[in-house]
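**Student:** this one's structure only:
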């Protein structure tokens, strides 16, 4: 990734460039999938859960970029930190929405996918 490319892509996204979000997706999708997958307990999450959260995170990022809320993000590490923060919040919201109690980030207690208590 060339120097300044993240800020350039975020600026292009804000300007309405349709290709910039796609390029950000391509660059951060594999990494973000791993981050979210590690933070969700494997005994109760499904592949669809990880994908749902990831889409929510990236769409929030794109919406924020379009509204210039990400103007302070200047590099890849800053964007990654922001994506992790959004992901943590979205994981909590996702499990609350599906009726599972949330403890510490990365630790979720509730019923299994089969409805059996743990």
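**Tutor:** Arrived safely. Quantities reported herein were computed from a predicted structural model and do not represent experimental measurements.

**Student:** Helix or strand with the lowest mean pLDDT in this protein?
**Tutor:** Scoring the helices and strands of the chain by mean pLDDT, DSSP states H and E places strand 108-109 at the bottom, with a mean of 44.

**Student:** Give me the distance between residue 74 and residue 66.
**Tutor:** Separation of residue 74 from residue 66 (C-beta to C-beta, to the nearest Å): 18 Å. (Each C-beta comes from the backbone N, C-alpha and C, glycine too.)

**Student:** Could I get the buried residue list for stretch 57-75?
**Tutor:** 57-58, 60-62, 64-65, 70, 73 (16 or more other C-beta atoms under 10 Å).

**Student:** Of these, which one scores lowest on pLDDT?
**Tutor:** Lowest pLDDT of the buried residues of stretch 57-75: residue 70, 79.

**Student:** Just want the most central residue of the protein.
**Tutor:** Ranked by distance to the mean C-alpha position of the chain (C-alpha atoms, centre = their mean), the top residue is residue 57 at 3.2 Å.

**Student:** now for the helix or strand that residue falls within, which elements pack on it?
**Tutor:** Per DSSP states H and E: residue 57 is located in helix 47-66. Helices and strands touching helix 47-66, by 3 or more C-beta pairs under 8 Å, 6 or more residues apart in numbering; DSSP states H and E, are helix 5-14, helix 19-39, helix 76-97.

**Student:** So which residues make contact with it?
**Tutor:** Residues from elsewhere that reach helix 47-66 (C-beta atoms under 8 Å, 6 or more residues apart in numbering): 10, 13-14, 16, 21, 24-25, 28-29, 32-33, 36-37, 40, 70, 79, 82-83, 86-87, 90-91, 94.

**Student:** With distance to residue 48 as extra columns, can I get the buried residues of stretch 57-75 in JSON lines?
**Tutor:** Below are the buried residues of stretch 57-75 laid out as JSON lines (distance: C-beta to C-beta, whole Å):
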{"residue": "57", "distance to residue 48": "15"}
{"residue": "58", "distance to residue 48": "16"}
{"residue": "60", "distance to residue 48": "18"}
{"residue": "61", "distance to residue 48": "20"}
{"residue": "62", "distance to residue 48": "21"}
{"residue": "64", "distance to residue 48": "24"}
{"residue": "65", "distance to residue 48": "26"}
{"residue": "70", "distance to residue 48": "28"}
{"residue": "73", "distance to residue 48": "29"}
